[in-house]
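**Student:** sequence and predicted structure below; questions after.
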Amino acid sequence: MELFENTRLKIGNSILLKRIANIRRKIFYSNIGQIKKIGVVWDTSKTQDFSSLSKFYQKMHERNIDVKILGFYPGKELPNQYTAIRYLSCIRRKEINFFYIPVSTETDVFINTKFDVLIDINFDKSFPLFYITSMSSASFKVGLFDLQSGESTFDLMIELKKPVSIENYLEQVIHYLEMIKSGSSDLVYKQ
C-alpha cells in the first residue's frame with residue numbers, strides 16, 4: 001500500500017513542478033510596518049498548537065494585520081475547536097485529489113490571495129500544504145530551514161533546534177521580519 005502511496009506522491013510532485021515552472025512571482029518585502037495581510041499554512045492535526053496560533057492571530061490583530069490561516073486536517077471529522085473561527089479554514093482529505101493535490105475553492109482563493117507574507121507551519125512536510133505554499137502568490141514566503149530539501153520555495157528560512165515549538169517559531173519569524181528594513185528587491189523569482 002505504501003508503494004502505491006509513494007507513486008501517487010511522486011506524480012503529485014511532478015504535477016506541482018510543471019505548474020510552478022510557469023509561475024513568475026515578484027518578491028517584495030519592505031518592513032513589518034507595511035504588512036497588511038499574512039497567510040499561514042498549518043498542519044491542523046497538531047491540535048495542541050492551536051492556542052499558539054490564536055495568540056499569534058491576536059498579536060497581529062493588535063497591529064492591524066489581517067491573518068488568514070489555512071490548515072489541512074487529514075482526519076474525516078474536523079475537531080470542534082476548529083469550527084466557526086473566521087480566520088481559520090481547514091481542508092480535509094475529501095478535498096484532496098488522488099495525487100494529494102488540494103482541489104477546494106477555499107484552497108484556490110488562498111493560493112490566489114496576494115498576502116504580504118506567507119508563513120509556512122508544515123514541519124512534517126505534508127504534501128497538500130507544500131503544494132499550497134509553493135503555488136501561493138504571496139509577496140514573501142517564510143518557512144523552516146531544512147538542510148535536506150533541495151530548492152526551497154521560501155524567501156526567508158528560519159533555522160531552529162528540534163523539536164520546534166510553533167510559539168517560538170512564530171516569535172522568530174516576527175523578530176526577523178522586524179529586522180528587515182529594505183525596499184522592494186525588484187526580483188522576479190521563477191520557481
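**Tutor:** Received the coordinates, thanks.

**Student:** got a pLDDT number for Asp186?
**Tutor:** If you check Asp186, the pLDDT there is 41.

**Student:** wait, is Phe72 part of a strand?
**Tutor:** Yes. Residue state for Phe72 (DSSP: H, G, I helix; E, B strand; the rest coil) corresponds to a strand.

**Student:** so it touches Asp43, yeah?
**Tutor:** Yes. Look at Phe72 against Asp43 with CB atoms under 8 Å: they come within range, at 6.3 Å. Placement of C-beta: from N, CA and C, glycine included.

**Student:** between those two, tell me which one has more neighbours.
**Tutor:** Taking neighbours as other CB atoms under 10 Å, Phe72 and Asp43 compare with Phe72 leading, 26 against 20.

**Student:** may I see the buried residues of the lengthiest helix in the chain?
**Tutor:** As assigned by DSSP state H, the longest helix anywhere in the chain is helix 2-20. Under the neighbour-count criterion of 16 or more other CB atoms under 10 Å, helix 2-20 has Gly12, Asn13, Leu16 buried.

**Student:** and the helix or strand following it, average pLDDT?
**Tutor:** As assigned by DSSP states H and E, the chain's next helix or strand after helix 2-20 is strand 24-27. Strand 24-27 shows an average pLDDT of 81 in the prediction.

**Student:** show me what counts as buried in strand 24-27.
**Tutor:** Arg25, Ile27.
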